[in-house]
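>>> Structure for the following, please:
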Amino acid sequence: MPLLAVLVLAVGTYAFRLAGPLAARRFDLERLRAPLAAVAVVLLVALAATSALAEGQHFAGWARPTGVAVAAVLAWRRASFVVVVLAAAGVTAGLRLLGVP
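Numbers count the residues shown, from 1 in each chain. Just a heads-up that it's a prediction; the model follows:
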């Protein structure tokens, strides 16, 4: 990566970190706390859905979305992270072993 690109990314990163405290002084951010939390959840769900359903430009098959659904249910039921990951991987691997794409 060229040195100029690294410098631009570094300056941008520090600018974002500085923007938070500066904005907190100028704006009442308490009113935005709930909408910003909702935006974060929507972005994470969109990322999970895209990763679960697509592989490149094509549908990823049924095994992967099923594993993600199992992980979502376990996370919703407040299972530990290790259990969520192992169950999702196990379901996905099991379905692929059975021939489900």
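
>>> Please count neighbours and contacts with C-alpha atoms only from this point.
Noted.

>>> ok, residue 66 - contacts?
91-92 (C-alpha atoms under 8 Å, 6 or more residues apart in numbering).

>>> same question for the helix or strand hosting it, mean pLDDT?
Secondary structure from DSSP states H and E places residue 66 in helix 63-76. For helix 63-76, mean pLDDT is 94.

>>> Next, residue 61: phi, psi?
The phi/psi pair for residue 61 (degrees, to the nearest 10) reads phi 100, psi 180.

>>> you'd agree it is up against residue 101?
Yes: counting by C-alpha atoms under 8 Å, residue 61 touches residue 101, with 4.8 Å between them.

>>> which sections of the protein are below the confidence cut-off?
Low-confidence segments of the chain (pLDDT under 70): 1.

>>> residue ranges of the helices in it, please?
In the chain, the helices defined using DSSP state H lie at 3-26, 33-53, 63-76, 81-97.

>>> tell me the contacts of residue 95?
For residue 95, the contact set (C-alpha under 8 Å, 6+ apart) comprises 63, 101.

>>> could you measure the residue nearest the centre of the chain against residue 51, distance?
Centroid check for the chain by C-alpha atoms, centre = their mean gives residue 44 as the closest residue, at 4.0 Å. To residue 51, residue 44 is 11 Å away according to C-alpha to C-alpha, to the nearest Å.

>>> What of residue 29?
32 Å.

>>> One more: residue 63?
From residue 63 to residue 51 the distance is 13 Å (C-alpha to C-alpha).

>>> again, but for residue 75
As judged by C-alpha to C-alpha, residue 75 and residue 51 stand 17 Å apart.

>>> before we move on, back to that, next, the buried residues of the helix holding residue 66.
Neighbour-count burial for helix 63-76 flags 63-72, 74 (criterion: 16 or more other C-alpha atoms under 10 Å).
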